[in-house]
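Participant: A structural model of the following input is requested.
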Amino acid sequence: MCFLWQTVVGSLVNSDAIRQLETHLTELDIVMLPMQNVWVSEVGHMDSLAQAKKILQGIVES
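Facilitator: Next up is the predicted model:
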């Protein structure tokens with residue numbers, strides 16, 4: 001059995017930027033749902049089995 005996980009890379013967005021975004025979306029008649037103040041810059045898939053094999057191989061070789 002192989003499990004696939006997603007890894008997410010992001011950074012915090014300050015509350016002023018969130019308010020600005022909310023203002024712009026309101027002007028466009030778009031409802032903004034509550035959201036966390038994180039700006040996601042990258043999403044990747046991780047194969048946990050391959051990652052575990054890589055870690056174990058590193059332990060065996062050391």
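
Participant: So which residues of this protein form strands?
Facilitator: Using DSSP state E, the strands found in the chain span residues 4-12, 38-47.

Participant: What pLDDT does the model give the one residue sitting closest to the centre of the chain?
Facilitator: By CA atoms, centre = their mean, the chain has its centre lying nearest to Val8, at 2.7 Å. Looking at Val8, its pLDDT reads 76.

Participant: for it, which residues make a bridge with it?
Facilitator: Val43 (DSSP bridges).

Participant: Distance-wise, check it relative to Glu61.
Facilitator: Distance, Val8 to Glu61, using CB to CB, to the nearest Å: 30 Å. (C-beta placed from N, C-alpha, C; glycine too.)

Participant: In this structure the residue nearest to the centre of the chain contacts Val40, no?
Facilitator: Yes. The pair Val8 and Val40 qualifies as a contact (CB atoms under 8 Å) at a distance of 5.8 Å.

Participant: Could you export the helix or strand of the chain with the lowest mean pLDDT as CSV, CA atoms only?
Facilitator: Within the chain, judged by mean pLDDT, DSSP states H and E, the helix or strand with the poorest mean is strand 4-12; its value is a mean of 75. Presented in CSV, the C-alpha positions along strand 4-12 are these (Å, rounded to 0.1, in the frame of the first residue of the first chain):
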residue,chain,number,x,y,z
LEU,A,4,0.6,9.9,-1.2
TRP,A,5,0.9,13.2,0.8
GLN,A,6,1.0,16.7,-0.3
THR,A,7,3.6,19.1,0.9
VAL,A,8,2.8,22.8,0.9
VAL,A,9,5.3,25.7,0.9
GLY,A,10,3.9,29.1,1.8
SER,A,11,4.4,32.3,3.7
LEU,A,12,2.4,34.4,6.1
